[in-house]
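In: Sequence first, then the predicted structure:
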Amino acid sequence: MTNKREFFLECYKHQIVKFGRFTLKSGIESPFYVDLRPLASDPKILKDLAARMLDIVPLDEFDLICGVPYAALPMATAMSLESYLPLIIKRKEAKAYGTKQLIEGLYQRGQNCLLVEDVITSGKSLLETIPEIEEAGLKVSDIVVVLDREQGGKELLEQKGYRVHTLFTITEICQILKEEGKLDEQEILRIQDFLKGNTVNFETLKRVSYETKLETLTHSKAQRLLEIALEKKSNLIASADLLTTAELHNFADKVGPHIVALKTHMDVITDFDYENTILPLIDLAAKHNFLLMEDRKFADIGSTQELQYAYGVHKISNWADLITAQLIGGYPSLDYFHNSGVIAIIGMSSSGTLTDSHYREEATKIAASHPNVIGGVAQAQLPQELLLFTPGVSLQSKGDGKGQQYNTPSHVFNHLHTDFIIVGRGIYKADNPEKAALEYKIEGWKGYEESL
Ligand code: BMP
């Protein structure tokens, strides 16, 4: 085996690191760009890489090996062939048909799986992948990574109790390239500057308690929601996707004691009538102390939304404490929602959603700066000044065959730092919705307390 430096220089011939100005997936401009995928096309290097990765981990502690898709898949395969550790494959998305499995291959619950990643930056994608493997009943204790961009991801994962083994760091690579005359001092300084300003800020990643949010958030609806959460020890929002007024009222009365808010889609109520549907619902909300959230998902220009909010049969502005709105219309489109706390749709739970990382980043900026917005619907952590509402939560199901994707309450509280879970069919389709609501309330509160 050649030494590590020579090995890197061999890899470098495949242009795996480029220097200049690159816009990353996050929208941030970076002075360097890493792409290790070409290594898979060079069998000699791939084999050598596999051996080196295996060399830096305590091999006898693992039963299985798995690569984070896609770049690490060939690496994990080569490592499996070299070590005889059985390979499992993690899908990017569960299949919508057949077994709906996220993890493919032969494994047994309780086995320890070595995770392989090509590059580690903030650690965010690993933090999304690990729970998916753990949810299949497997253990993950170690992650082996080819290159650490030294932006805090390794430390973040280590803080969460995972051991992270890295073959190269960006500093090490820069040093080798400098000595080889391939990188000048100026470029190295630019890289160092970039790394200083773009590392994970651990303070902003911490879970903030409801008490602290109550002190810092000023919108009256956000405060009311947090007060109810603390009074009831609940962070559960029940989604009442029911078709008649009678079903809606019956459901609200049953689950009311356990929830902080009832989420509705009034446009699916077949016998909707303002007097008969809304007025009794307002009484039920007062009786059981919960807020009303209309999941209208406004998505138009400000002037039209102003009309949709106040007029038509639903007269949403009269009664909805909380409303949902898409941000596709831009910042000013949210200016007219004066009576309700706006929950911005930042990232959706459905498979194939167009809310990619760039969209989410721009949407988060609008949400965090607009005074009418109290939080966002998202499947990822939000800045601490926003409340995070997460739908796609189920204790039983992984999907509905129609694109919905579910996580457990424990997952969303511990990994996303969700503030409120939104549960629909898990409750209203249960044999005993009241019992199911209580179960989700207990699980949700447990998840919140664990994440503190
Ligand atoms: P269920 O738990 O039955 O899948 O219902 C989820 C509810 O949350 C639905 O009312 C849906 O409209 C809403 N929702 C969602 O599922 N994902 C999103 O990204 C945004 C939503 O509002």
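Out: Happy to help now that I have it.

In: From now on I want contacts and neighbour counts done on CA atoms only, so please keep to that.
Out: OK.

In: Helix or strand: which one has the residue most central in space within the chain?
Out: Nearest residue to the geometric centre of the chain (C-alpha atoms, centre = their mean): residue 380, 2.5 Å. Residue 380 belongs to no helix or strand when assigned by DSSP states H and E.

In: now the strands for the stretch 351-452 of the chain?
Out: Along the stretch 351-452 of the chain, the stretches classed as strands by DSSP state E, counting those that start in this stretch are 373-377, 387-390, 420-423.

In: would you list the ones you listed in TSV and tack on mean pLDDT?
Out: Converted to TSV, the strands of the stretch 351-452 of the chain look like this (pLDDT from 0 to 100):
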stretch	mean pLDDT
strand 373-377	98
strand 387-390	98
strand 420-423	98
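
In: Not counting stretch 76-95 itself, show me its contacts.
Out: The contact list for stretch 76-95 (C-alpha atoms under 8 Å, 6 or more residues apart in numbering) reads 46-47, 50-51, 53-54, 62-69, 73, 100-107, 116, 133, 351.

In: tell me which residues of it are tucked away?
Out: Residues of stretch 76-95 classed as buried: 76-80, 85-91, 94 (neighbour count, 16 or more other C-alpha atoms under 10 Å).

In: residues of whichever strand or helix holds residue 227 that come out buried?
Out: Taking DSSP H and E as the criterion, residue 227 maps to helix 220-232. By neighbour count on 16+ other C-alpha under 10 Å, the buried set for helix 220-232 is 221, 222, 223, 224, 225, 226, 227, 228, 229, 232.

In: Switch the residues you listed over to a markdown table; also include pLDDT and distance to the ligand.
Out: As requested, the buried residues of helix 220-232 are exported to a markdown table (pLDDT from 0 to 100; distance: C-alpha to the nearest ligand atom, whole Å):
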| residue | pLDDT | distance to the ligand |
| --- | --- | --- |
| 221 | 98 | 18 |
| 222 | 98 | 18 |
| 223 | 98 | 21 |
| 224 | 98 | 21 |
| 225 | 98 | 18 |
| 226 | 98 | 20 |
| 227 | 98 | 23 |
| 228 | 98 | 21 |
| 229 | 98 | 19 |
| 232 | 98 | 21 |
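
In: who in the stretch 301-450 of the chain is up against the ligand?
Out: The stretch 301-450 of the chain comes close to the ligand at residues 348, 349, 391, 392, 393, 423, 424, 425, 426, as judged by C-alpha under 6 Å from any ligand atom.

In: what about the second one, neighbour count?
Out: So the one you mean is residue 349. As a burial measure, residue 349 scores 19 neighbours (other C-alpha atoms under 10 Å).

In: which residues touch it?
Out: Here residue 349 is in contact with 378, 379, 391, 392, 404, 405, 406 (criterion: C-alpha under 8 Å, 6+ apart).

In: Could you list the low-pLDDT ranges of the stretch 201-350 of the chain?
Out: In the prediction, the stretch 201-350 of the chain carries no residues with pLDDT under 70.

In: show me the contacts for the residue nearest to the centre of the chain.
Out: By C-alpha under 8 Å, 6+ apart, the contact set of residue 380 is 347, 416.

In: let's go with 10 Å and repeat that
Out: Counting by C-alpha atoms under 10 Å, 6 or more residues apart in numbering, residue 380 touches 124, 128, 346-348, 360, 388-390, 412, 415-418.

In: same thing with residue 406?
Out: Neighbouring residues of residue 406 by C-alpha under 10 Å, 6+ apart: 349-350, 391-400, 412, 423.

In: which of those sit farthest apart?
Out: Farthest pair in the contacts of residue 406 (C-alpha to C-alpha) is 400 and 412. Separation: 18.3 Å.

In: Neighbour count: the two, which is higher?
Out: Between residue 400 and residue 412, counted using other C-alpha under 10 Å, the more crowded position is residue 412 (28 against 12).
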